[in-house]
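Asker: 3D, please:
(chains A and B)
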Amino acid sequence: MRMDTVIMGGGLSGLACGIALAKRGKRVAIVASGQSTLLFNGGSMEMLGYVDGKAVTSPLEAIATLPQSHPYSKIGAERIAALSERVKLLFNDSGVNMTGTANANHWRITPMGVAKPAWLTLNDHLRIDDLNNLPAKRLALMCIRGYFDQPNSMMAMGLRNLGFEVKVIEFTTDDISALRRSPSEMRATNLAKRLVSHSALQRIADQINSLAGDADMVLLPSVFGQSDDSDFQSLQSKVNKPLRLIATLPPAVAGMRIQTQLRHYFRMLGGTYLMGDSAVSGTIEGDQLTSITTAKMNDMPLRADNFVLATGSFVSRGLRADYERIYEPVLDLDVDADADREQWTRFGVLEPQAYMRYGVATDEQFRCRKQGKTINNLYAIGSVLSGHDAVKMGDGTGVSLLTALAVNDLIIAKK
Amino acid sequence: MVTEDINNKEYDVIIIGGGATGAGTARDCALRGLKVLLVERNDYSTGATGRNHGLMHSGARYAVTDGESASECISENMILRRIARHCVEETDGLFITLPEDDLQYQRTFVDACERAGIRADIIDPDEARAIEPAVNPALIGAVRVPDAAIDPFRLTVANLLDARLHGADTLNYHEVEGMVINQGRVEGVKLFNKLNGSHVEVRGHVVVNAAGIWGQRIAQLAGVNISMFPARGALLIFGHRVNNMVINRCRKPANADILVPDDTVCVIGTTSDRIPIETVDDMRVTREEVDVLLKEGVKIAPSLATTRIIRAYAGVRPLVASDDDPSGRSISRGIVCLDHAQRDGLEGFITITGGKMMTYRLMGEIATNAVCAKLGNTAPCVTASQPLPGSEEGAPSQDDLTKRYSFGQRAAIGRHGSLAARIEKDNDIDNALVCECEGVTVGEIKYAVHQLHVHNLVNLRRRTRVGMGTCQGKLCSCRAASLMGEFRHDVKGAQEDLAAFLDERWKGVRPVAWGDTLREAQLTSTIYEGLCGLDMAVNMQGKEDVQ
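Answerer: This next block holds a predicted model:
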């Protein structure tokens, strides 16, 4: 099979890059394992949430202060402003309805009721633009009986700390109770699959309408709409108060929805999405990667002019560690990582961990190296890159999206 | 939550230490009709009791080097199979000879087992490979012995429960900060209540020091000197159960020569290092220890090389310096019972130490005999025949279990024996699973919080195995924390507790953080810090929750 570009990894960065290239008429294949960290995404994108542990007000301003090793520094602060607008268009074109701006972070509310800075948030999810000007006064926090992946008591406490009046209301419907008979089925994704029909949503709406009292906003766990926000819209049309969804513990319906919509749009543009497969090796000739092989198509190498490594960090197996070293498992590319195992981690679990910043080494154009030699047609994007920390800096999704578009531009400019 | 009103009580005996030995002593004393108080400075089973292999020795390991310990082990082994069967898994064990070992040793070993009364059958290496497929196929000799696996947490809790059922009071998180001594006689202890910060003095006719390696410090508080030999041992837990039998090396005891299957996982250990007494509270496992355990472990079961390691931990054996032993016996791992009246002229104070988790019951019996002698109590010891709660006659059979109970109920019966009947399961919420790996239900958590002295998630893990399975508490710890916050009406505390729980897990994970273990660690951080913002939550100076 011969493509213009082959992307290894079908998560957020791989899809964003694939969509951008396909829109320019390129023949693109994405090799996707089927799992990505979008499974842990509560419905927001973060460009830059924290610098030195302090919440960032304006990501675009703060980016200028980052060290040269950060992926954003390679793109440059000015280009990021333009790219960030294109990210919003990309989501819009894919049918992912999000709001936000790179000039000023807003706040997303985590499953534990903590407000964290965010760049873009799904429109049907709770978003607070200004903590001193809350979008509602009295909240009805609707909790599904027997659903434990929403820590209700923590959510209520967090919202009260932000200044909301919160009434916690437990409810269930026949559809939900049917799921509960098998306890391991009470997961957000199973609920989202079941709560789709007009009648199932009506039964929930009836509960809300009778229980929500004098609340001026109603919050529900994010268990609606795995493929788009139409289930939410349908539910909203049956309820006489504004509804907002709040993130749950994984599996996160919001992240799955984003993934589904991006994948759908990529395919609509003619992209090839090889689901359930992953790159295992490649052939390097001179300064070029000429082909890769995948786990499922062993005898049929994928050839392309350009390759993009979007395989993610350790979680997604884009990086591996063994007893002795950190390495990139597909091509054994050069990595930025400490050689000494003792340096990988720190003693406290909530301290910043060095391994979070490890990743493949790249030049200013995100091109990878092997044994010190640059591979001119292999680019790395997203979480596999070194120099950022999704957990402590709140830059994971932003790095994925912005490096994806930056590399798209580099590939397009090549010809 | 259970609390004791200890202010107006006077006890016959106060036992210091909530490990297996203290719990076994408390049970024995209570069964003989004594008024008992047991105090523990942390949670139960936090010392050597909770930091070993979970191996129910047949005694074979000690047969060649220490015949007395071997005889004690096999005798206690047979007793525990009866009285604590809900804590025991009858796996049997192999002592294997590898090409690098001397096959001559096998004969010495089998003869020594015979002398100690331990059944030891030499079997063909082919048979060994057939009955235990995980064993190193290069083995040149194998001996089958009645080793087994035992859950020390469950065993300790069962002893404490029975002590309580017979009138004993037991307190965790109460630290002894001083002794009440009057005219050459110990008359009680001064306690610091770590849960509420208060100080209290309790009276007892006899005080038993069953504090393990920390017994040296307790003795100092009473003004007497015991010299301990702290012997540290590190172990690794693997992510699944590769072996079904205990596998030992048939050679003189050395590093990392025992692999024990424990429930869904398996454990290799131990190293053995003399350490200074000042360092016994630092349980961090070093890189060197991990390297030795791995290198030797793969010789026993080669598949360990590719099996995920989920955690490393270390414990300290409370061995007593024999030169200080008044009986003059040359004791290494043997049981030591010191009556400080005879030894040091201090009445009302007994130290029980040395020994092993395996012989906790016998240690309890010896200590209780010494207590009873002082108090003029002549009641006989019944702990060798009376089953522990959970192992009584009529507890449901395996067959009953699969037919009549759900996964969660079966798992609970496995953990709590017949006491599982006390777990609420009348509605679908109580039956709902919180921890899917280990089958822990909402009802079981309620039971643990209200009946088993559970104050935090680490306690809960020890009582129920929540978060101990292959996922290592990724989601269940948050679910459990949220539920405990509700049951205990302290949500802020539950968040801090959750952070402390993750930190405690990380201590064990960090020494082995590579491969899938590092991957899981990043996943945990992605969920709890990235998605949930727990790190921000525990730093927040928020208003107290008012629910």
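Asker: ok, how many other residues are close to the closest residue to B:Trp514 other than its chain neighbours?
Answerer: With sequence-adjacent residues excluded and distances taken as CB to CB, 6 or more residues apart in numbering or on different chains, B:Trp514 is closest to A:Ala321, at 4.2 Å. Where C-beta positions appear, they are placed from N, C-alpha and C, glycine not excepted. Neighbourhood size, A:Ala321 [other CB atoms under 10 Å in any protein chain shown]: 22.
Asker: distance of A:Ala321 from B:Asp516?
Answerer: Computed as CB to CB, to the nearest Å, the A:Ala321 to B:Asp516 distance reads 9 Å.
Asker: same check on A:Pro67?
Answerer: A:Pro67 is 31 Å from B:Asp516, by CB to CB.
Asker: contact partners for A:Gly18?
Answerer: A:Thr5, A:Ile7, A:Val28, A:Ile30, A:Phe266, A:Gly271, A:Tyr273 (CB atoms under 8 Å, 6 or more residues apart in numbering or on different chains).
Asker: before we move on, what about B:Tyr360?
Answerer: B:Gly19, B:Ala20, B:Thr21, B:Ala23, B:Gly24, B:Thr49, B:Leu155, B:Asn159.
Asker: can you check B:Ala116 too?
Answerer: B:Gly59, B:Tyr62, B:Ala63, B:Gly67, B:Ala70, B:Ser71, B:Ile74.
Asker: can you tell me the average pLDDT over the host helix or strand of the fifth one?
Answerer: This points to B:Ala70. Assigning secondary structure by DSSP states H and E places B:Ala70 in helix B:67-83. Mean pLDDT, computed over helix B:67-83, is 95.
Asker: what's in contact with it?
Answerer: Contacts of helix B:67-83 (CB under 8 Å, 6+ apart): B:56-63, B:87-88, B:90, B:112-113, B:115-118, B:146, B:148, B:150, B:155, B:333-335, B:356, B:358-359, B:361-362, B:383-388, B:391.
Asker: next SSE downstream of that helix?
Answerer: Toward the C-terminal end, the helix or strand that comes next after helix B:67-83 (DSSP H and E) is strand B:88-89.
Asker: following the chain past that next one, name the next helix or strand.
Answerer: Assigned by DSSP H and E, the successor of strand B:88-89 is strand B:93-97.
Asker: just the CA trace of the following helix or strand past that following strand, in PDB.
Answerer: Counting by DSSP H and E, the element after strand B:93-97 in chain order, helix or strand, is helix B:104-116. Only the C-alpha atoms of helix B:104-116 are listed here, as PDB (Å, rounded to 0.1, in the frame of the first residue of the first chain):
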ATOM      1  CA  GLN B 104      23.600 -34.300  47.500                       C
ATOM      2  CA  TYR B 105      21.900 -31.600  49.600                       C
ATOM      3  CA  GLN B 106      18.600 -33.200  48.800                       C
ATOM      4  CA  ARG B 107      19.300 -36.300  50.900                       C
ATOM      5  CA  THR B 108      20.500 -34.200  53.800                       C
ATOM      6  CA  PHE B 109      17.300 -32.100  53.400                       C
ATOM      7  CA  VAL B 110      14.900 -35.100  53.300                       C
ATOM      8  CA  ASP B 111      16.500 -36.700  56.300                       C
ATOM      9  CA  ALA B 112      16.300 -33.500  58.300                       C
ATOM     10  CA  CYS B 113      12.600 -33.200  57.400                       C
ATOM     11  CA  GLU B 114      12.000 -36.700  58.500                       C
ATOM     12  CA  ARG B 115      13.600 -36.000  61.900                       C
ATOM     13  CA  ALA B 116      11.400 -32.900  62.300                       C
END
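Asker: so which elements touch the helix or strand just after helix B:104-116?
Answerer: As assigned by DSSP H and E, the chain's next helix or strand after helix B:104-116 is strand B:121-123. Strand B:121-123 is packed against strand B:141-145, with contacts defined by 3 or more CB pairs under 8 Å, 6 or more residues apart in numbering or on different chains; DSSP states H and E.
Asker: ok, how many other residues are close to the nearest residue to A:Ser227 once chain neighbours are set aside?
Answerer: Spatially, and ignoring its direct neighbours in sequence, A:Ser227 is nearest to A:Thr260 (4.9 Å; CB to CB, 6+ apart). For A:Thr260, the count of nearby residues is 18 (other CB under 10 Å).
Asker: where's A:Thr260, which helix or strand?
Answerer: helix A:253-268.
Asker: tell me how far that helix is from the chain's mean position?
Answerer: Put simply, helix A:253-268 sits 11 Å off its chain's centre (CA atoms, centre = their mean, to the nearest Å).
Asker: which residue is the nearest non-sequential neighbour of the residue of the stretch 151-300 of chain A found nearest chain B?
Answerer: Closest contact between the stretch 151-300 of chain A and chain B, by CB to the nearest CB, is at A:Pro151 (3.7 Å). Spatial nearest neighbour of A:Pro151, excluding adjacent residues (CB to CB, 6+ apart): B:Ser482 at 3.7 Å.
Asker: surely that neighbour is in contact with A:Asp149?
Answerer: No - counting by CB atoms under 8 Å, B:Ser482 stays clear of A:Asp149, with 9.4 Å between them.
Asker: so if I had to pick from those two, which one is more boxed in?
Answerer: B:Ser482 (26 against 21).
Asker: any regions of the stretch 401-547 of chain B where pLDDT drops low?
Answerer: B:401-407, B:410, B:414, B:417-418, B:469-473, B:540-547 (pLDDT under 70).
Asker: hang on, A:Ser210 in a strand?
Answerer: No - counting by DSSP: H, G, I helix; E, B strand; the rest coil, A:Ser210 is not part of a strand but helix.
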